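Novice: Predicted model and sequence follow; I will ask about them next.
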Amino acid sequence: MTSARSAIFADEHEAFRDTVRRFIAKEVTPSVEAWEEAGEFPSELFKRFAALDLLGLKYPESLGGTDAGKLYEAVLFEELGRCGSGGVFAGIGAHVAIATPPVFNFGSEAQRRRWLQPAISGDLVMALAITEPSGGSDIAQVESSARRDGDHYVVNGSKTFITNGVRAGAVVALVRTKPEGGHHGLSILVIEKETPGYSVSRKLNKLGWRASDTAELTFQDCRVPVENRLGPEHEGFYQALANFEWERIWIAVGAVASAQRSLELAIDYAANRVQFGKRLAEMPVIRHKIAQMLLRIEQARHLTYHALWLHVNRQPCTKEVAMAKIAATEADVAVADEALQIHGGYGYMMEYPVQRAWRDARLGPIGAGTNEIMRDVIARELDL
Amino acid sequence: MAINVVVCVKQIPDPSAPARLDPASKRLVREGVDLVLDPGDEHAVEAALQVAEGAGGEVTVVSMGPARAVDAIRRALSMGGARGIHVQDPALQNSDALSTARVLAAAVKGQPFDLIVCGQESTDGSTGAVPGQLAELLGLPLLSFARKLSVEEGKASIHRQTDEGYDVVEAPLPAVVTVTGGINDPRYPSLRGIMQSKNKEVRQLTLEAIGLSGKAGEKALTQEVVDLQPAQARKAGRVIEDKGEGAREIVDFLAELKVI
């Protein structure tokens, strides 16, 4: 191991990690190549994760969860982050980290039973739908309209870059319920796939995260019952915001783990590859590269664990989370790039896993709020 | 009728990491390495759980080892064991197989059990002697190398792995069974199992408590490791370059080995 165990995790977290790691090593990693090729992993994988209580770690037992808490979920994210497929990390992660929390945070008991319970048991795959073709980071400008008509909203518009969007049985969508009012005119609706007017317009073809299905969704006069709205009307912007910290921590934790794996791939390669009669691992230029990679990872890891600790202890941590997200995703990109470089020509070949780590890492600085937005967040927090 | 099962487990240095031998003690180095429940014992725990769950009984996990061995017991408990027994005593350092069997036999005496399940051998020491000695000390029949185990109507029945196939062997309960790696696919401890295992009882026993003071451990060795030799390194394979005659050369090579 190149990294010491952190004080943030107790023995039980490590025992849990052991279970998750074995499970992933046996039931995920061997299939990664095939799933990446197919552009999706099988939906049954949600059921397998559910069988090990992995989809409801932060939800109450009354809904089928374990109420174990977010630190356990962070362990799950770490182990998913090193599974070898950003797509699996994305698909399972999006369900757990971003799609279900609004239902738990703002849903009524009946709504939780209707969507969260089957989501925890792996019977219902969920997606979060915020981004639109016309705008991503600027969520106050969401345009998909939801016009009230009696007991229904009539929804029109489209959403894009929706992880799990192709197979989701229900999406948690941010829509405009008041034409004016910017961020004061948005609401969150749970829109079920069978609703007439709901369609998956495209499955998107991506550079990385290829085993996750990513969709463009279209709503055309899609009539959604008012009872599908989470919480009060026009509060959607703030409801969406409420889970941003956890979403960014998910990405940061996964990125650190993914970088760690890239480093391990590089170390493994350098230990065996002989050039000029020497193993790469004996050459100062490679040794320093590897030392620098580990340094980069540990810097990101400590910032990420600090943000995680603050978050689970309910301390203000907006800027720490933003910094962790930047540090972790940029470390992941940099480490994957160096790992690929150490592999030389083989690193550029599709049969070596490091190329996928390199492609998958590139999503990090873009998703969950771009790193440019993260820097804005930090600056805003400083009251400059 | 409920069937209660005892499963014997051992904590060993993680076999997936490179092992180091201490030339002085002639033992595997246990310091500074990850210690795990012997993967072979995971099959024993799974087999024990399946029998007990099928019959509405409980599984008791027994281990002899230093303080940290309780982690291996906890792991078996997180898989579903009901309680643990941990025999720990400074005098037990460097025990041999017979001492281990004596300790396990004394520890399970007084426990209500119908069946004892063991792995066929430890992954680190690989003597494979303990289960047989345990059965002898307890006066119980031994069913070894089970790749299938069923328990009903007061008897245990196994498929004993052989070179040609398997033998069906039966014995009345109580009995000792050793299982092979092929018998099952051990379950992962679920999070609930991990949480619950924290609150399960693990009885700590000393040699004195089980009436074996001076009768087990270093003071009662019956075997001694006198020398260590590194395993012979495997010879490098032969590379055949195909210049149009590759297939021929491979056939000749295999014929030479009398494989074909």
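Specialist: Great, that's in hand. Numbering: from 1, shown residues only, chains lettered A, B, ... in the order given.
Novice: Tell me the pLDDT of the residue lying farthest from the centre of chain A.
Specialist: In chain A, counting by C-alpha atoms, centre = their mean, A:Gly277 sits farthest out from the average C-alpha position, at 43.3 Å. pLDDT recorded at A:Gly277 is 93.
Novice: is it true that B:Ala17 touches B:Val36?
Specialist: No: B:Ala17 lies out of contact with B:Val36 (C-beta atoms under 8 Å); the separation is 9.4 Å. From N, CA and C alone the C-beta is placed, and that goes for glycine too.
Novice: on that earlier part again, gap between the residue farthest from the centre of chain A and A:Glu36?
Specialist: Remark: distance between A:Gly277 and A:Glu36 (C-beta to C-beta, to the nearest Å) = 36 Å.
Novice: ditto for B:Ala67
Specialist: Using C-beta to C-beta, one gets 45 Å for the distance from B:Ala67 to A:Glu36.
Novice: Please apply the same query to B:Val9.
Specialist: 38 Å.
Novice: what does chain B have sitting close to chain A?
Specialist: Counting by C-beta under 8 Å from any C-beta of the partner chain, chain B comes close to chain A at B:74-75, B:78, B:188-192, B:194-195, B:198.
Novice: So B:Ala67 and A:Glu36 - more neighbours on which side?
Specialist: Neighbour tally, B:Ala67 and A:Glu36, criterion other C-beta atoms under 10 Å in any protein chain shown: the higher count belongs to A:Glu36, 25 against 9.
Novice: ok, and that one, which helix or strand is that part of?
Specialist: If you go by DSSP states H and E, A:Glu36 is part of helix A:32-38.
Novice: Next, the nearest residue to A:Thr131 once chain neighbours are set aside: phi, psi?
Specialist: Excluding its sequence neighbours, the residue lying closest to A:Thr131 (C-beta to C-beta, 6 or more residues apart in numbering or on different chains) is A:Phe161, at 4.9 Å. Dihedral pair for A:Phe161: phi 60, psi 40, per degrees, to the nearest 10.
Novice: Alongside chain B, which residues does chain A contribute?
Specialist: Counting by C-beta under 8 Å from any C-beta, chain A sits next to chain B at A:12, A:15-16, A:18-19, A:22-23, A:52-54, A:57, A:66, A:68, A:72.
Novice: In CSV, list those along with neighbour count, pLDDT and secondary structure.
Specialist: CSV is the format used below for those (neighbours: other C-beta atoms under 10 Å in any protein chain shown; pLDDT from 0 to 100; DSSP: H, G, I helix; E, B strand; the rest coil):
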residue, neighbour count, pLDDT, secondary structure
A:Glu12, 19, 90, helix
A:Ala15, 20, 90, helix
A:Phe16, 30, 94, helix
A:Asp18, 18, 91, helix
A:Thr19, 24, 92, helix
A:Arg22, 14, 92, helix
A:Phe23, 17, 95, helix
A:Leu52, 20, 91, coil
A:Asp53, 22, 91, coil
A:Leu54, 27, 96, coil
A:Leu57, 22, 97, coil
A:Thr66, 22, 94, coil
A:Ala68, 23, 95, coil
A:Tyr72, 24, 97, helix
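Novice: which stretches of chain B form strands?
Specialist: For chain B, the strands defined by DSSP state E cover B:5-9, B:11-13, B:21-22, B:27-28, B:35-37, B:59-64, B:83-87, B:115-119, B:142-152, B:155-161, B:166-172, B:175-179, B:202-205.
Novice: Please name every helix or strand in contact with the third one.
Specialist: Read that as strand B:21-22. When contacts are defined as 3 or more C-beta pairs under 8 Å, 6 or more residues apart in numbering or on different chains; DSSP states H and E, strand B:21-22 sits against strand B:27-28.
Novice: which residues touch whatever residue of the stretch 101-250 of chain A ends up closest to chain B?
Specialist: Relative to chain B, the nearest point of the stretch 101-250 of chain A is A:Ile120 (12.5 Å; C-beta to the nearest C-beta). Contacts for A:Ile120 were tallied using C-beta atoms under 8 Å, 6 or more residues apart in numbering or on different chains; they are A:50, A:55-56, A:59, A:63-65, A:100.
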